[in-house]
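Asks: heads up, no residue letters with this:
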């Protein structure tokens, strides 16, 4: 049973990483294609709106990943209700780990794996947001220093 649970855990990590990668790549593609990447916007309001879109999309990605784990727990029989499976999944993914409900025996391995996976995915999201924010700040600095005019920058992108 241990090998089987480790295999399920590995599959879940792969699935959630692929979902995350696809989501971030898709988000970046859409934002660039629509010309609403924060570094292309010259107003604080526009940049703020674009960053909020990034944050909400990343939140949606994490929510989807949490639901994927919750369904794995539910369909695997670790919990009797979607409420308990989802609550436990949120608690594990975010590494809060209240411990007030726990899955049966061998399913605890998947819960621990979800915590490590969630920790890494949240870190990946944070790095992505820092990268976007850095590009915004570099663009603002180039405007302040007179390196690039807003029209010149939009033609290059």
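Replies: Everything's here; your move. Remember, predicted model here, so these are calculated numbers, not experimental data. Numbers count the residues shown, from 1 in each chain.
Asks: ok, the closest residue to residue 1 other than its chain neighbours - contacts?
Replies: Leaving aside its sequence neighbours, residue 1 sits nearest to residue 106 (Cβ to Cβ, 6 or more residues apart in numbering; 5.1 Å). Quick note: C-beta positions are derived from backbone N, CA and C, even for glycine. Residues near residue 106 by Cβ atoms under 8 Å, 6 or more residues apart in numbering: 1-2, 5.
Asks: so which of the residues you listed is the most crowded?
Replies: residue 5 (17 neighbours; other Cβ atoms under 10 Å).
Asks: In helices only, show me the contacts of residue 106.
Replies: Judged by DSSP state H, the contacts of residue 106 include 2, 5 as members of helices.
Asks: Specify which member of the contacts of residue 106 is nearest to residue 127.
Replies: residue 5 (29.6 Å; Cβ to Cβ).
Asks: The closest one is in contact with residue 109, isn't it?
Replies: Yes. At 4.6 Å, residue 5 and residue 109 qualify as touching, with contact defined as Cβ atoms under 8 Å.
Asks: which residues touch stretch 108-122?
Replies: With Cβ under 8 Å, 6+ apart, stretch 108-122 has contacts from 2, 5-6, 8-9, 12-13, 16-17, 20, 62, 65-66, 69, 72-73, 76, 78, 88-89, 92-95, 97, 102-103.
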